[in-house]
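> Please find the sequence and the predicted model below.
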Amino acid sequence: MPTITIELDDLTSESGEKERHELPGRFEVCPRCEGEGRHVHEAIDGNGITSSEFAEWDADDRETYLAGGYDVTCSVCRGLRVVAIVDEALLTEAQRAVYERHLADEQDAARERAADRFTRWQESGGVS
Ligand SMILES: [Zn+2]
């Protein structure tokens, strides 16, 4: 059983230290590569190529693609084919509180990134 280490801001620390918590986890088939451990390089196949794009390639490129020549080790599981996720069923009450703080932190971080993007977009002349 994997252990997931989560870092949270230590609310009692003024120097920005982190609290570390270990939570029980389980392995799940990697959602990015679906258990293959590899996927086609994002630069080539970010969202899957369309048949019209494929038709524009020359025969060599198509052959390389179909043979997996553009595959890279999965960027999410690093080739392990599985990812460790927190197993919510196994959390104690205290661990659940930690996990919920962690999820809230991640949401905050995502919101901040989105707000940053919006600010940059406005500063670069975007119309609000
Ligand atoms: Zn993967």
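On my side now, so go ahead.
> And residue 84, its phi and psi?
phi -90, psi 130 (degrees, to the nearest 10).
> That one touches residue 29, doesn't it?
No: in this structure, residue 84 is not within contact of residue 29 by Cβ atoms under 8 Å, at 11.7 Å. For the C-beta atoms, the positions are set from N, CA and C on the backbone; glycine is no exception.
> So between the two, which is more surrounded?
Taking neighbours as other Cβ atoms under 10 Å, residue 84 and residue 29 compare with residue 84 leading, 15 against 12.
> where's residue 4, which helix or strand?
Assigned by DSSP states H and E, residue 4 belongs to strand 3-9.
> Give the next helix or strand downstream of that strand.
Per DSSP H and E, the helix or strand that comes after strand 3-9 is strand 18-29.
> what's the helix or strand following that next one packed up against?
Where DSSP H and E defines the elements, the next helix or strand beyond strand 18-29 is strand 38-40. Under the contact definition 3 or more Cβ pairs under 8 Å, 6 or more residues apart in numbering; DSSP states H and E, strand 38-40 sits against strand 71-73.
> List the buried residues in the strand it packs on.
Neighbour counts using 16 or more other Cβ atoms under 10 Å place residue 71 of strand 71-73 among the buried residues.
> could we number from 371 for the rest of this?
Shifting the count to begin at 371 puts that one at strand 441-443.
> who does that strand pair up with?
With DSSP bridges as the test, strand 441-443 is paired with strand 408-410 (antiparallel).
> which parts of the strand it pairs with are buried?
Buried residues in strand 408-410, counted by 16+ other Cβ under 10 Å: 409, 410.
> coming back round to it: so what secondary structure elements neighbour the strand holding residue 374?
Strand 373-379 is packed against strand 388-399, strand 452-456, helix 463-493, with contacts defined by 3+ Cβ pairs under 8 Å, 6+ apart.
> any residues touching it, and which ones?
The contact list for strand 373-379 (Cβ atoms under 8 Å, 6 or more residues apart in numbering) reads 386-395, 454-456, 468-469, 471-472, 475.
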